[in-house]
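Asker: structure for the following, please:
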Amino acid sequence: MKKPNVIFVYPDQLRYDALGCNGNKVASTPNLDALAAAGANFDEAYTSYPLCCPFRASIMTGLYPHKNGMYSNHYPLRKDLPHYLPKIMNKAGYKTAWVGKWHLNGGRKFERVPKEYWCGFEEFIGYGRGHHYIDSLYYKNEDDTPYKSKKYEPIYQTEQLIDFIDRAVSEEKPFMGMICYGLPHPPVEMQPEESKNKYSASEIELPDTVPEDTKEKAKKYIAQYYGMVEVVDTEIGKLVQHLKAKGIFDDTIFIVVSDHGDMCGEYGMFEKSIFYSSAAHVPLIISYPNMIKPETKIDHLVDPLIDITPTILDLCGLEVPETMDGYSMKTLAQTGEDKTFRDFVYYQIIPLPEALCDQMDKPDRKPYAERGFRTKDVLYVEKENVPFAVFDYQREKKEFMNCVDNFKYYPQVKEYRTRLANIMGDIGDSWRLRREDLPPEFQTQEEAIKDYDNNYSKAVFE
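Answerer: Numbers count the residues shown, from 1 in each chain. As a prediction, this is how the structure comes out:
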């Protein structure tokens, strides 16, 4: 039987509701909408650790962050874990490549990623970390030469992935190509004028979860954010059309997902790394015409952080290692339901000592441990083993009303405490976990800019 190809597209910090197929009335996402219509669109995908590096590490390993050791951003991924997705695919005969931001080797920004951190990818075109989409830098495989392009970053990244696809087809090999577009992660103003000014702040309708003193900032931010979303949509359209032109779209598993959303001003907050749905709810689309029917809508709770890896392996007909934490979403994607699937999504934040927090980026300044779970009916969160939040979704969906101190919910809180303790025991998590030190070779933003300027001055145009 012919092995399917895999294209995995990961736009960074893309909210679930930024897509037209998920209800957005302003942002233009025709290619994502068409892809969702052609396959399975997951309405209830929530990431259990809404932060960049923990998500990336779990995609590569199929393990929760507390097991793979990626407790927060900027740390290097362990090299002694039992399984890495690219290595498994290589062993199965797949040609593999990564394109874009990696963010799994710690170290300095805008540097080449050493091969020992590639998790088994055969080809690597990208860089360590950073968000400098205009005049950006990248490296090719093990070449220490920094390269630059006159094109906007996502445009040349798409071209690099297309080149990989063409070479794999010419070699008659099945392939897995994974691409991380940095967009729509801020700085949202770092985009061409055409897309930056495509949407007006006056068009943006804010939910009533945005407080009055944040509305003006939120509207301006979201307008530019949508400009970036549209750029991503255009690049995804190019990939789909190329696969169709090659006659291999039906034979390709095409996955679009994000690591987390963006608060976009709700409750006065921006960014991520918090339990609210605005940060945890992400788009998830899986197209595979040879196996998944068009217009498949799925409202079962899934956790892309751990569920995507076993799903890729299962759809490719490969054995899923028993050590992996996630569930395969194959049956859900094929039928729209799976009664054997778990009925919750976990939530965790692993803290850093308070004395070190100010040195880290804002989303990483977490001096307190948080754990919780989300079901269709409730979001329950504890902070340092103490009940902190109860949002009753049967009562309201906006997560406005924290019922943790409402005496009527005391019986439920007792029940939720027991369930969370049981979940933590089942998956081997512990309140004792802490990040004790800053990441190795940690850089301040000022140091990173100096590195970028130095590397860009030496970069070769391609």
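
Asker: hey, where'd the helices end up in the stretch 51-200 of the chain?
Answerer: Assigned by DSSP state H, counting those that start in this stretch, the stretch 51-200 of the chain shows helices spanning 52-61, 65-68, 85-91, 153-170, 193-196.

Asker: the last one: what's the following helix or strand?
Answerer: Once helix 193-196 ends, the next helix or strand along the chain (criterion: DSSP states H and E) is helix 215-245.

Asker: quick one: buried residues of that next one?
Answerer: 218-240, 242-243 (16 or more other CB atoms under 10 Å). (Each C-beta comes from the backbone N, C-alpha and C, glycine too.)

Asker: picking that back up, ranking the helices of the stretch 51-200 of the chain by burial, who's on top?
Answerer: Mean neighbour count (mean count of other CB atoms under 10 Å) peaks for helix 52-61 among those, with a mean of 26.

Asker: other residues contacting that helix?
Answerer: Under the contact criterion CB atoms under 8 Å, 6 or more residues apart in numbering, helix 52-61 has outside partners 10, 12-13, 47, 49, 63-65, 67-75, 77, 81, 83-86, 102-104, 119, 259-260, 304-306, 308-309, 324.

Asker: from the chain's centre, how far out does the helix-or-strand element of the chain with minimal mean pLDDT sit?
Answerer: In the chain, no helix or strand scores lower on mean pLDDT, DSSP states H and E than helix 354-357, which sits at a mean of 87. For helix 354-357, the distance from its own C-alpha centre to the chain's C-alpha centre is 26 Å (CA atoms, centre = their mean, to the nearest Å).

Asker: just the buried residues of that helix, please?
Answerer: In terms of neighbour count (16+ other CB under 10 Å), helix 354-357 has its buried residues at Leu356.

Asker: let me know the secondary structure of Tyr410.
Answerer: Here Tyr410 takes the helix state, with states given by DSSP: H, G, I helix; E, B strand; the rest coil.

Asker: quick one on the thing from earlier: compare the helices of the stretch 51-200 of the chain and give me the one nearest Tyr456.
Answerer: Tyr456 sits nearest to helix 153-170 of all the helices of the stretch 51-200 of the chain, at 13.0 Å, using CB to CB.

Asker: in TSV: the helices of the stretch 51-200 of the chain, plus mean pLDDT.
Answerer: Shown next, in TSV, are these (pLDDT from 0 to 100):
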stretch	mean pLDDT
helix 52-61	98
helix 65-68	98
helix 85-91	98
helix 153-170	98
helix 193-196	98
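
Asker: what's the closest of the ones you listed to Phe373?
Answerer: Here helix 65-68 is closest among these (CB to CB), at 14.5 Å.

Asker: could you export the closest one as PDB, CA atoms only?
Answerer: C-alpha atoms of helix 65-68 as PDB (Å, rounded to 0.1, in the frame of the first residue of the first chain):
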ATOM      1  CA  PRO A  65       5.900  18.600  28.900                       C
ATOM      2  CA  HIS A  66       6.400  17.300  32.400                       C
ATOM      3  CA  LYS A  67       7.700  14.100  30.800                       C
ATOM      4  CA  ASN A  68       9.800  15.500  28.000                       C
END
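
Asker: about what we covered before: okay, and which of the contacts of helix 52-61 map to strands?
Answerer: Tyr10, Asp12 (DSSP state E).

Asker: what pLDDT is listed against Gln443?
Answerer: As predicted, Gln443 sits at a pLDDT of 84.

Asker: please apply the same query to the one 3 residues further on.
Answerer: Here, the pLDDT recorded for Glu446 equals 82.

Asker: returning to that earlier point: can I get the helices of the stretch 51-200 of the chain in a markdown table with distance to Gly372?
Answerer: Shown next, in a markdown table, are those (distance: least, CB to CB, whole Å):
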| stretch | distance to Gly372 |
| --- | --- |
| helix 52-61 | 15 |
| helix 65-68 | 14 |
| helix 85-91 | 27 |
| helix 153-170 | 34 |
| helix 193-196 | 36 |
